[in-house]
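quick one: sequence plus predicted model below, questions after.
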Amino acid sequence: MSGRSWLWLVAALLLGSCATEDARVAEYLDPQTAVTIRAVATPFIYARDVPELAANVRDYLSLGAVEVNNMGARRHYLAVVSWSTIDRRRIGAPAPLPESLELTLAGKTRVLALASHESRSLGIGEPLFRPPSGYLSESWYKVTPADLRAFAASPPDSIDLAAAGGRLSYALWRRADAALEDFVRDIPDTATSERARR
């Protein structure tokens, strides 16, 4: 391979790795609400078997970190999108809407209160973390940067939802550590308004 070809190969590999890193976090101006949205490109996914509905049925939760930046006023949310391998509405078994989310962060049990069941009221006009099929509902929980950093440092093995007077437990099914680590690395430090360093 000639020296020039080798340089082109190295440049292509470097550009490719940069594009991959950039894709871990999406940032855009929401066309409906005119606020800046930052979100992980890949959510964590939690799952639970639902054998009472049918064989091999599983319900999932996609959990993703989102920042809403309205002219420098930043709010952080954990989006929880519920979906299933079965069309629950068709069989008359809609998934219950979560009222709260319980998880362990930094060794402590946290119960997150529901902020909303729809993103528009939070300034997010475009749907996030929707699966290609099986979508059921979404729930949004307000969190602190410290909560998100604790999640990134040690993702919970399971989470519990309080819904319809009961408790539903979901186990970690697919991780998204790199995306969340990149997201929390770029949360501004409230004391200095500069990028937080890990």
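Structure received. Numbers count the residues shown, from 1 in each chain.

who's the spatially most central residue of the chain bridged to?
Centroid-nearest residue in the chain: residue 64, 0.4 Å away (criterion: Cα atoms, centre = their mean). Applying DSSP bridges to residue 64 gives these bridge partners: residue 79.

got the buried residues for stretch 120-135?
By neighbour count on 16 or more other Cβ atoms under 10 Å, the buried set for stretch 120-135 is 122-124, 128-129, 131, 134. Every residue, glycine included, has its C-beta placed from N, CA and C.

if we can go back for a sec, pretty sure the residue nearest to the centre of the chain sits against residue 44.
Yes: here residue 64 lies in contact with residue 44, judged by Cβ atoms under 8 Å, at a distance of 7.4 Å.

now for those two: what residues contact both?
Taking Cβ atoms under 8 Å, 6 or more residues apart in numbering as the contact rule, residue 64 and residue 44 both touch residue 176.

returning to that earlier point: and of the buried residues of stretch 120-135, the nearest to residue 34?
residue 123 (8.8 Å; Cβ to Cβ).

give me phi/psi at the closest one?
For residue 123, the backbone dihedrals (degrees, to the nearest 10) come out as phi 100, psi 10.

for it, what are its contacts?
Counting by Cβ under 8 Å, 6+ apart, residue 123 has contacts 30, 33, 35, 37, 68, 70, 75.

kindly report the same for residue 26.
37-41 are the contacts of residue 26 under Cβ under 8 Å, 6+ apart.

any weak-confidence spans in the protein?
For the chain, the stretches with pLDDT under 70 are 1-22, 190-198.

which parts of the chain are helices?
3-22, 145-153, 177-185 (DSSP state H).

list the buried residues for the second one?
Applying a neighbour-count criterion of 16+ other Cβ under 10 Å, one finds 145, 147-152 buried in helix 145-153.

just those residues now: which is nearest residue 105?
residue 150 (4.0 Å).

need the strands for the protein, in chain order.
All strands of the chain, identified by DSSP state E, fall at 25-29, 36-40, 44-49, 58-70, 73-84, 98-105, 108-116, 135-143, 158-163, 166-174.

for these, give me CSV that also has distance to residue 185.
Compiled in CSV, these are given as follows (distance: least, Cβ to Cβ, whole Å):
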stretch, distance to residue 185
strand 25-29, 9
strand 36-40, 12
strand 44-49, 17
strand 58-70, 12
strand 73-84, 14
strand 98-105, 18
strand 108-116, 22
strand 135-143, 16
strand 158-163, 23
strand 166-174, 21
